[in-house]
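S.K.: sequence first, predicted coordinates after that:
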Amino acid sequence: AQRVTQPEKLLSVFKGAPVELKCNYSYSGSPELFWYVQYSRQRLQLLLRHISRESIKGFTADLNKGETSFHLKKPFAQEEDSAMYYCALSAQGGSEKLVFGKGTKLTVNP
Amino acid sequence: GAVVSQHPSRVICKSGTSVKIECRSLDFQATTMFWYRQFPKQSLMLMATSNEGSKATYEQGVEKDKFLINHASLTLSTLTVTSAHPEDSSFYICSATGDSSYNEQFFGPGTRLTVL
């Protein structure tokens, strides 16, 4: 069974501080991992996916198959980064169903 | 990116009535659409996957006779909550994917259903 775990419900940092949102997964096959972000009163949107290896809005995430993790990192948090972040897994690319973690609410304080 | 709309954005209905929620892909053809349910302060739970012209595939525990899904065209899928009860009150979100590169899922803004 596919499972995504985000251990932190809430994460609060100060502006300019590094931030790491944790995500661990369990899946027997070769997964595709995603990070989605939901800003206040907005729809869910894709932040990044591991296959593209992009850096979006300063965020990066590396898939660690040994630790089955896909932590999201940003070296210097900004206030506009405050949002709900969801880690998600797909068995076969984004066109297949996504299994979401419970989400982490990030608050960046001034 | 591609745009997905949902209608209505908010609906209040009486217990026992049926409610239809529409999900449209505005600028692309959606070969697959997904319906999720999100309870307050909780994550999204996939309810069903629908492909244009075929029956929806429901997740375990989701009653297909209660949550009717129709994907009649490449731009429209509908979710009908039949004989709604207060426990069906929730936030329903659809997403769509097409033939774009990387098969990204694009999410709608969601529909808030309140059953009195």
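M.R.: Looks like it came in fine. Numbers count the residues shown, from 1 in each chain, chains lettered A, B, ... in the order given.

S.K.: buried set for stretch A:83-94?
M.R.: Buried residues in stretch A:83-94, defined by neighbour count with 16 or more other CB atoms under 10 Å in any protein chain shown: A:Ala83, A:Met84, A:Tyr85, A:Tyr86, A:Cys87, A:Ala88, A:Leu89, A:Ser90, A:Gly94. Just so you know, the C-beta spots here come from the backbone N, C-alpha and C atoms, and that holds for glycine as well.

S.K.: just give me the closest of those to B:Pro109.
M.R.: Closest approach to B:Pro109 among those (CB to CB): A:Met84, at 14.5 Å.

S.K.: doesn't A:Gly103 make contact with the closest one?
M.R.: Yes. If you go by CB atoms under 8 Å, A:Met84 and A:Gly103 touch, sitting 5.2 Å apart.

S.K.: quick check: B:Ala48 is in a strand.
M.R.: Yes. Counting by DSSP: H, G, I helix; E, B strand; the rest coil, B:Ala48 is part of a strand.

S.K.: got the contact list for it?
M.R.: The contact partners of B:Ala48, by CB atoms under 8 Å, 6 or more residues apart in numbering or on different chains, come to B:Phe34, B:Trp35, B:Ala56, B:Thr57, B:Tyr58, B:Glu59, B:Val62, B:Lys64, B:Phe67, B:Ile69.

S.K.: which members of the residues you listed additionally contact chain A?
M.R.: With the criterion set as CB under 8 Å from any CB of the partner chain, the members of the contacts of B:Ala48 near chain A are B:Phe34.
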